[in-house]
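Visitor: Can you look at this prediction? I've put the sequence above it.
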Amino acid sequence: MSVLNAKIPSGPLEQKWSYYRAHQNLVSPANKKKLDVIVVGTGLGGASAAASLGELGFRVKAFCYQDSPRRAHSIAAQGGINAAKNYQNDGDSVYRLFYDTIKGGDYRSREANVYRLAELSGPIIDQCVAQGVPFAREYGGLLENRSFGGALVSRTFYARGQTGQQLLLGAYSAMMRQVHLGTVELYTRHEMLELVVVDGRARGIIARNLVTGAIERFSAHAVVLATGGYGNVFYLSTNAMGSNATAIWRAYKKGALFANPCFTQIHPTCIPVHGEYQSKLTLMSESLRNDGRIWVPRKKEDVEKIRKKLIRARDIPEEDRDYYLERRYPAYGNLVPRDVASRAAKERCDAGFGVNETGLAVFLDLSDSIKRLGKKVIDERYGNLFQIYEKIMDENPWENPMMIYPAVHYTMGGLWVDYELQSTIPGLFVLGEANFSDHGANRLGASALMQGLADGYFILPYTIQNYLADQIKVPRISVQSDEFALAEKQTRERIERLFSVGGKTPSERLHRELGKVMWEYVGMSRTKEGLEKAIQMIRDLRENFWKDVKVTGSNDELNPELEKALRIADFLELGELMARDALHRNESCGGHFREEYQTEEGEAKRNDQDYMYVAAWKFLGDDREPELVKEDLEYEFIEVKARSYK
Amino acid sequence: MDFTLKIWRQKDAASRGRFVTYHLEGISPDCSFLEMLDILNDQLVQKGEDPVAFDHDCREGICGACSLYINGRPHGPDDAITTCQLHMRRFRDGDTIVVEPWRAKAFPVIKDLIVDRSAFDKIIQAGGYISVNTGGVPDANTIPIQKEHADIAMDAAACIGCGACVAACKNASAMLFVSAKVSHLSMLPQGKIEAARRVKAMLEEMDRLGFGNCSNTGACEAECPKQISLSHIARLNREYFKAILG
Amino acid sequence: MSSIFTSSVGKKLMMSLAGLFLIVFLLVHLGINLLLILYNSPETYNRAAHFMQTNILIKIIEIVLFGGFFLHMIYGVIVQIENWLSRPKGYRVANYSQTSFFSRFMIHTAAIIFVFLVIHLLDFYFKAKFGEPKLVTYSDGKEMVDFGSMIIAKFHLPGFVIGYILAILFLGFHLLHGFQSAFQTLGLNHKTYTPVVKALGIIYTLVVVSGFTAIPLVIYFD
C-alpha cells in the first residue's frame, strides 16, 4: 500500500482527465486577479504556465536567472516534439503514444499521468501552430513528421534542428504578451535561493538579484517550480552552464519529496569529450538516427589504424563494419531508445572498439542516406547539425562519418508530484524536467518538450485552481512574516559562509571533481561497491568544498563565482542522494543500469516484484539519512512486460 | 598556443571602464573561446582577483546569451557562429585579442563584458507575438501553409536574440532583430491577422529605446550567427508601409 | 499615418523616395549637359536650358526638386545624428564586417556633395536667376542666358575642372550605395531582382560619373 497518495482520479484510463476537470474546483474571474502565483523558470514549462495563468487572470511573477526568459535551456532541444496526431496514417493513437512512453520508461512511470500526457500531445501542436511556430511542412502545406527512438510510427513534429527553440519562443512570446498586458511581472537575472513555507504551505521565495546582489523576498498564494533538471551534477552534460538544482533542492530541504533521483538519461549521440578544460558537451540530435547508422569496426586492427589516423572510416569495407544496434536489435535497429543505444555504445567501447584517441567514440554514419536521398535532402534535414559538428570537431562530416559518444542529457527524477503536479508541500507545484512524473526510468526522444508544454499549457492552469479555490479569502501574502525573515536570514548566512571559507580552489574545479565521481560511479552503469564508494567520495568532496573553496568578490555585485558556488554546494548534496537512490534500487531499469542485474546478453534485468515503485526521499536533516517513502506503481491498463526492442 | 588578451573591465554600470591586458599560455587549439576565458578566470580566482564577467549559458550556439566583440567582430573571426562556438584554432599563436562588450545606447554595460539586452524583450512585449490564448485553437492541419512560406518564416524565426546585429551595425540599429520577428509572423496566415498592429508597435518601441536607424549597410547580416538575411528588413519595410497606408 | 514622418522606417522612406527622384533628375541633367559636347556650338544646350527655365511644368517640378533635396538632406542629417547618439561609446577595434563599403561614408560623401552643390548653384542657377548673366540672341530672335559659354569658360580653368571631377566622384560613391539602398528601404528585395537592382545601380553610377566627368575633360582638352 502506498504511503504517498497520487490523487489519481477514479474511472477508466481515458476518462480520468476529463473526469478530473469536470469535478475540480475553479476560481472565478473576479477572484483570479486577487491571487498571486510565482513561477520560477521560464523554459517550456515555466513560460507556458506563466502565459496561461496570466491569460486566465492570475497575477504572475515569473523568474529566470538568465538575462532574458527566451534563453532557458529548453531552447537547445533539437529534434522534435511527439504528438499522437496520426497525420501519417501509420497507426498512431493516444493509446500507442501512452504505451510507448510507459514501455520506454521501463514501467516505472504512473499510468494516469502518462495517458494524460499522450492525450494532450495533440492540442499542444494545435496551440503551437496557432502561435506561429514554423513547423516543417510538406509541399501540400500540411505538417511533416519524422520518427524517433522507441517508436514504430512517425509522430515527431519538428522545426528544422531547432524545435525546442521554436516552441520556447512560442511560449516566451505568449508570456511577453502577458507582460505587456500587465498580468505577468518579469524578474530576469534573479535566482531563487530559498522556498518560503508558511503554516505548511508554499508562500514565496527568496531570490537573489544577480545584478545588484540584493536578497529579495517575493510572496504568492502558490509557487510553481519549472527549473529544469539536475544533469549538471555530472559537470559535463548537455545542460546549459547555468542549469542547476538549487530551486528543487531547497524545496526538498523544506519538505518536498525528491523522487527517483538516480534516473538519469545518458544520450547516445553527443560529440565526444576531447579535453580537460572542456566545459560542456554538445548534443547531436537523436533525429540523426533516422537516417544514420551507428557502427564500429569489426576488427581490432582497423580500430588501431583509425585511432592513429592511418585510415579513415570510409576506407573500411562494409563487411568489416559492425552495425551493432542493427545486429542486436533487428526490430528497432538504430532507433532503439536512448538508454539502450547508450549502453550498447559503452559496451563496444569497453570491448576496445572505440574509434577516437580516447577510445570513447563510435561512428554515426549518414553516407548511405546521402547516397539514397541526395545531399540536398540531408542538408535540409540536418544541415545545421553538420555545421555544429564541423565547428567543434574541425572535421567535415559530409566526408567522414561523425563520431559520437553518450553523455548526460536529462534527469527523469525530480520533485515528487501527484496527479495535480503538486508536491508534498501544499501550494508547491512542479513542472517539466524538475518533476519526476512522466518518463519513468527513461525518457523517449521528443517527449521532454511534450511534457513541458502539457504541464504548462494544459495541466497546471487547471490543477492549480483546484488548490487556489480555497485560497480566495487569503489576502495577499505579506513578506514581513517571521518565516520570510528566517528564510532570508538563512540565505544570507549561506552566502556569508561561502565567502568565509577563504580556501584556495575555485568552485568550478571542485565541481569538475564531483562530475568525475558521478560519471564514474553513478553514470551509465553502476555497482553496489562503486555506489558505496561514490557516497563516501562525495561526502569527502563536500567536506573539502567547505574547507577549500575560494569565492572572490562580494555579495553586493554581479558575481558569477558566488552564483556557481551556491549551485555547486547544492549539487554536492544532491549527488549523494542520487548515489543512495541508485544503491537502494537493486535492479536495472531504463537509465539505471546496475551491473549486478543484467541478463546473459547484457540486457537490463528489472525486478518488478520488489521495485515497481517510485522511490521518494524525504529530507530529515543535514546530519541524518533521508527517509525512503514509496509510491507503488499499479498497472491497471497495461500489461507489464520485459522491455524488448529486438 | 599563447595569447595576449586586452579585455574591457568595468566594475558596474556606473563605473568607468578600461582595458586590462592578460597573458595566457598553453591554450589548446581545440579550446572554445569561452573555455579559454574559463581558464583565464580560473587563474584570476586562484590569484584572488575578480574574474572577467561575461554572459554565456548553453554553449552550443542557440540560447543567444554569449556576446563579446572580438577583434572588431561580434562573435569573433568566423562566420555564422556564436562566441561559444568559436575555437582558438581560428587564431594564430601569439595573437593579441581585444575583447569588448556590445556597444549601444540601448545595451548599457552591466559589468565587464555583460550588457543589458532587455530592450529586445521590450520590443517583443510590444507586439512580437500572435495574440491567441491557450486553448480554443483549430486543429494544426486546418490551415495549410505553403512550404516555401513556412521555410521563410523559419529562416527568420531562427534568430537567437543575441544582439550581434546591433553590435555590428555602425548605427546600433535593431532592424535585423525586429524584422526577423515581423517577417517570421507575417509569413504565416496565423500571423497576418494582426500584422499591421504588430509592425507599428514593434517599430515604435524600437525607436523609443534608442536604437539607431537602418542604413542598409549589411553588417548585421554579415555578423548574424544564424545568417538572417537583409531581405527580412525589406519585408518589414513593406509590412510597415502596408500598415500605415492600409 | 503621421509616424511616416517620425518613425525610423518612415524617415528612411522619405529619404529613399527623395533619393530616387534625385537619381532620375541626375539623368535628365546629364542628358542636357551632354548637349554641350555633342554639338559644336552651345546653342542647343542653351535652348534646352532655356526650356527648362521657362516651361511652367518644369517650374513646378523644380519646386518639387528643391523639396526633394531638402527632404533628403534634412532627413539624412537627422538620421545620422540619431545614429551617432545610438552608440555613445564606440569600439576600440573598428568593425570590419563584410559590408557594403560606401554605405559607411554616406554622411561624408553627402557633406562634400552639399558643398559642391552650394557652389554649383551659386555659380549657375542663382547667377541666372538673380544676377546679371550673359545673354545671347539666336537667329530666331529668342534671347536667352548663355549658360553654355559660361560653362565652357569655367571648364577651361584647371582648378575648377579638378574640383568638379572630384565632386562627381564623391557623388558616385554616394550613388553606389544610395541606388540599391533606396530599393531595399522601399521593401523591394527579391531573390532574383535584387542582384539586378544592384547591377543597375553600378551601371547607373558608371554612366553618371563617366558622363559628368567626360564633359569638362572634353571641353578642357578641346
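Guide: It's in. This is a predicted model, so every value here is computed, not measured.
Visitor: Please, which helix or strand holds C:A167?
Guide: In the assignment (DSSP states H and E), C:A167 maps to helix C:158-185.
Visitor: ok, and for that helix, which residues are buried?
Guide: Neighbour-count burial for helix C:158-185 flags C:160-161, C:164-165, C:167-168, C:170-185 (criterion: 16 or more other CB atoms under 10 Å in any protein chain shown). All C-beta spots, glycine's among them, are computed from the backbone N, C-alpha and C.
Visitor: That helix and chain B in contact?
Guide: Yes. Applying CB under 8 Å from any CB of the partner chain, one finds helix C:158-185 touching chain B at C:177, C:180-181, C:184-185.
Visitor: Phi first, then psi, for A:Q422.
Guide: A:Q422 adopts backbone torsions of phi -100, psi 140, taken as degrees, to the nearest 10.
Visitor: Okay, strands next: where are they in chain C?
Guide: Counting by DSSP state E, chain C has strands at residues C:135-137, C:143-145.
Visitor: which of these is buried the deepest?
Guide: strand C:143-145 (a mean of 17; mean count of other CB atoms under 10 Å in any protein chain shown).
Visitor: What residues are bridge-paired with the nearest residue to A:S588 once chain neighbours are set aside?
Guide: Sequence neighbours aside, A:A604 is the residue nearest to A:S588 in space, at 3.6 Å (criterion: CB to CB, 6 or more residues apart in numbering or on different chains). The residues listed as beta-bridge partners of A:A604 by DSSP bridges are A:Q598.
Visitor: Isn't A:A604 up against A:Y597?
Guide: Yes. Contact criterion CB atoms under 8 Å: A:A604 and A:Y597 qualify, at 7.2 Å.
Visitor: Please identify which of these two sits among more neighbours.
Guide: Shown here are A:A604 and A:Y597; by other CB atoms under 10 Å in any protein chain shown, A:A604 has more neighbours (24 against 18).
Visitor: if we can go back for a sec, tell me which of the strands of chain C lies nearest to B:C63.
Guide: strand C:143-145 (68.9 Å; CB to CB).
Visitor: Look at B:A65 and say how many residues are nearby.
Guide: 28.
Visitor: got any residues that touch both of A:A604 and A:Y597?
Guide: A:S588 (CB atoms under 8 Å, 6 or more residues apart in numbering or on different chains).
Visitor: rewinding a little: need the contact list for the residue nearest to A:S588.
Guide: Applying CB under 8 Å, 6+ apart to A:A604 gives the contacts A:106, A:339, A:343, A:588-590, A:593, A:597-598, A:643.
Visitor: Would you mind listing which of the residues you listed are buried?
Guide: Applying 16+ other CB under 10 Å to those flags A:106, A:339, A:343, A:588-590, A:593, A:597, A:643 as buried.
Visitor: Find the helix or strand that the closest residue to chain A within chain B is a member of.
Guide: Distance from chain A to each residue of chain B (CB to the nearest CB) is smallest for B:P144, at 2.7 Å. Secondary structure assigned from DSSP H and E places B:P144 in neither a helix nor a strand.
Visitor: From A:T163, how far off is it?
Guide: 20 Å (CB to CB, to the nearest Å).
Visitor: Look at those two and report which has more neighbours.
Guide: Between B:P144 and A:T163, counting by other CB under 10 Å, A:T163 is the more crowded of the two (26 against 14).
Visitor: thinking that one is in contact with A:Q78, fair?
Guide: Yes. Using CB under 8 Å, A:T163 is in contact with A:Q78, at 6.5 Å.
Visitor: what do these two both touch?
Guide: Shared contacts of A:T163 and A:Q78, counting by CB under 8 Å, 6+ apart, come down to nothing at all.
Visitor: List the buried residues for stretch C:59-70?
Guide: Buried, per 16+ other CB under 10 Å, within stretch C:59-70: C:61, C:65, C:68-69.
Visitor: Of all the residues in the helix or strand of chain C with the lowest mean pLDDT, which ones are buried?
Guide: Scoring the helices and strands of chain C by mean pLDDT, DSSP states H and E places helix C:126-130 at the bottom, with a mean of 79. Of all the residues in helix C:126-130, those buried under the rule 16+ other CB under 10 Å are C:127-128.
Visitor: do stretch C:92-99 as well
Guide: By neighbour count with 16+ other CB under 10 Å, stretch C:92-99 contains the buried residues C:93, C:95, C:97, C:99.
Visitor: what packs against the least confident helix or strand of chain C?
Guide: Judged by 3 or more CB pairs under 8 Å, 6 or more residues apart in numbering or on different chains; DSSP states H and E, helix C:126-130 is in contact with no other helix or strand.
Visitor: C-alpha coordinates for it, CSV please?
Guide: C-alpha atoms of helix C:126-130 as CSV (Å, rounded to 0.1, in the frame of the first residue of the first chain):
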residue,chain,number,x,y,z
PHE,C,126,21.4,81.7,-58.8
LYS,C,127,23.5,83.8,-61.1
ALA,C,128,21.0,83.2,-63.9
LYS,C,129,18.1,83.8,-61.7
PHE,C,130,19.2,86.8,-59.6
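Visitor: Which residues does it contact?
Guide: C:53, C:133, C:145, C:147, C:150.
Visitor: Next, the contact list for the nearest residue to the second one once chain neighbours are set aside, please.
Guide: So the one you mean is C:P133. Distances taken as CB to CB, 6+ apart place C:V145 nearest to C:P133, at 4.6 Å, with adjacent residues excluded. Going by CB under 8 Å, 6+ apart, C:V145 touches C:46, C:49-50, C:53, C:128, C:133-136.
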